[in-house]
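> my questions are about this predicted structure, shown below with the sequence.
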Amino acid sequence: MTEPLSADSPKDAYRVLARKYRPQSFEDVIGQEPMVRTLRNAFSANRIHQAYIFTGVRGVGKTTTARILARALNFETADIHTPQIDMPVLGAHCEAIMESRHVDVIEMDAASNTSIDDIREIIEAARYKPVSARTKVYIIDEVHMLSKAAFNGLLKTLEEPPPHVKFLFATTEIRKVPVTVLSRCQRFDLRRIEAPDMIAYLERIIAKEDVVVEAEALAVIARASEGSMRDALSLLDQAIAHGNGRVEAEEVRASLGLADRTRVIDLFEAVMGGDIGAALADFSNQYDSGADPAAIITDLADFVHVVTRLKLVPDAAKDTALSENEKQRGLEAAKTVPIRALSMAWQILLKGLGAVQSAARPRAAAEMVLVRLAYAADLPSPADTIRDIRNGTLPGGGGGSVQPTGGGTQAIAPPAPRLVASQGGPVARAEPRAQLSSPLPATFEAVVALAEAHRDIRLVTALQRQIRVVSFEAGRIEILLSGATEPDLANRLSKALRDWTGSPWVISLGRLAPGVEPPPTLHEQREAMRAEDERGVRSHPAIRALLEAFPGAEITEIREASGKAEAETEIVEGALDAPFTDDDL
């Protein structure tokens, strides 16, 4: 399993763990069993593709797998002369291939060789047979970095390569690889390595390295590496150096700026219990110990996810990546914290994490996330509140404010307005009521509707906010100008109406007698109606109870209804069907 030293490498030269324990055969590859099984079947049936592409996140073994496959294609011993997946011993070409120094296995970094000229060299060289190996193999790392011209130049050779040539590609950005290239390759998606597999692999390495490592420290490293074995080995290397041969969980957290998992659980219990004082004290202690604010929020969100899984999936307690403390306290939390509160906490933390990462003062931003979470922990969801209103059990709602009918639940609200609310809270907007029913507009509202139909937004705004109508008849309008208006507004309106209706219009500027109040603009009329409608809606017991249950909520829209059946509060069904979002708080 250990990578052999090259002939010119000094025996005492130190190699990092990621290189020292790099897989040498498919038996050493962990977490990629589907890929290995597919390749094994293809080799057994002699159905070896001319091109393979390996994709996945960093550190899962894309380039290493390509080298192992190149070794398998050229595996040769005194008794074996065909490609082999099982390679129990080093073949004639194995050592040179795994050390990237074989003349017939050419590795190219597409990040630094992106041009069509680089691809032309490959195309030209591909015509010649290998020097000593069975197959000439081209390994192109980060293939998505090739230019468009380079990809196009490679297509023909990739589709019909010489029989002695194979192409192996690796990329972290599979979406940037043209479909024309992907269609000519057999694709393998390398998965993130699961924490239990990673911990078991690290334990085997620890045994070989003769170091003392706490089991919890391995769990910390596995979580921090996020499925990347290379990252895990690098972190283990760093932890061994930091602890001088002894790796403890506390030291790993300190060196990586991670939060103490036990303290994170204490923080979770404080915020979910609404104890913001204890929560801020716990956060401050972790921060003073060197934990990064974003790491604390991330770990807190991670534990919310753990509790949710423990609540919904009984077998989740068998996860070897969880410590006994996490399992025990997570199961206790799962019994008491409802899914609604966990879902709300997840959304607040997820949104808050982005704010913490981009804030000029991460600590302050993280503390505000905790404040928000603590005060939202016991807040009822819109669905719960609506159910209480339906049942007449919401404090201040009053009995019978919402009555069931044969066709569903009906809010006995003022007969005209209908509440149409998003989960952010109810709110009022007057709907345009004017409609054009004849070639010549019969009302000023119809003039506005005509301007809207012709998409003259500038004129629509002026008509609604800058014109006060003294008198109106078809073909003649007497107006007053309100505030700062364009000097030629009357002439522009007259010309527009003539063009739209085909009839001449006279727009005159009127005068008011002393002491007479000027007529309101359309905007002022609608604002007045909106205020009146909102007062009517707010006076309704059900709506009043809803606003009291959600401090800070606003009425955002009120629409006209044709009758009682239309007056059913749509917020009821909307809140019951829609998921709770962070914007509801």
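Received, thanks.
> tell me how the protein divides into domains.
By the record's domain assignment, the chain is partitioned as 17-189, 195-256, 261-376, 418-585 (automatic domain parsing).
> okay, the ones you listed in a markdown table with mean pLDDT and mean neighbour count next?
In short, each C-beta sits where N, CA and C put it, glycine included. Below are those laid out as a markdown table (pLDDT from 0 to 100; neighbours: other CB atoms under 10 Å):
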| stretch | mean pLDDT | mean neighbour count |
| --- | --- | --- |
| domain 17-189 | 90 | 18 |
| domain 195-256 | 84 | 19 |
| domain 261-376 | 87 | 18 |
| domain 418-585 | 70 | 16 |
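> these two touch, right, residue 274 and residue 376?
No. Residue 274 lies out of contact with residue 376 (CB atoms under 8 Å); the separation is 9.2 Å.
> overlap in contacts, those two.
Common contact partners of residue 274 and residue 376 (CB atoms under 8 Å, 6 or more residues apart in numbering): none.
> where's the residue nearest to residue 477 when sequence neighbours are not counted relative to residue 514, distance?
In space, residue 477 comes closest to residue 507 once its chain neighbours are excluded; the distance is 5.4 Å by CB to CB, 6 or more residues apart in numbering. For residue 507, the distance to residue 514 equals 24 Å [CB to CB, to the nearest Å].
> coming back round to it: for the residue nearest to residue 477, give me its contacts.
477, 479, 490-491, 493-494.
> same check, this time on residue 116
Listed by CB under 8 Å, 6+ apart, the contact partners of residue 116 are 147, 149-150, 152-153.
> quick one, phi psi at it?
phi -70, psi -30 (degrees, to the nearest 10).
> and the gap between it and residue 149?
4 Å.
> name the nearest residue to residue 162, ignoring sequence neighbours.
Setting aside the residues directly before and after it, residue 162 is nearest to residue 126 in space (CB to CB, 6+ apart), at 6.0 Å.
> was I right about that neighbour contacting residue 163?
No. Counting by CB under 8 Å, residue 126 does not reach residue 163; the two are 11.0 Å apart.
> and residue 82, which helix or strand is it part of?
Assigned by DSSP states H and E, residue 82 falls within no helix or strand.
> residues in contact with it?
Residue 82 touches nothing, counting by CB under 8 Å, 6+ apart.
> how close does it get to residue 134?
Following CB to CB, the distance that separates residue 82 from residue 134 is 8 Å.
> equivalent analysis for residue 121, please.
22 Å.
> try residue 24
Relative to residue 134, residue 24 is positioned 19 Å away (CB to CB).
> what about the most centrally placed residue in the chain, helix or strand, and which?
Note on the chain: the residue nearest the mean C-alpha position is residue 350, at 9.0 Å, using CA atoms, centre = their mean. If you go by DSSP H and E, residue 350 is part of helix 339-358.
> test my guess that residue 60 contacts residue 194.
No. Counting by CB under 8 Å, residue 60 stays clear of residue 194, with 11.3 Å between them.
> identify the contacts common to those two.
Joint contacts of residue 60 and residue 194 (CB under 8 Å, 6+ apart) are 31, 227.
> can you give me the offset of the host helix or strand of residue 283 from its chain's centre?
Secondary-structure element containing residue 283, defined by DSSP H and E: helix 276-288. Its chain's C-alpha centre and that of helix 276-288 lie 28 Å apart, by CA atoms, centre = their mean, to the nearest Å.
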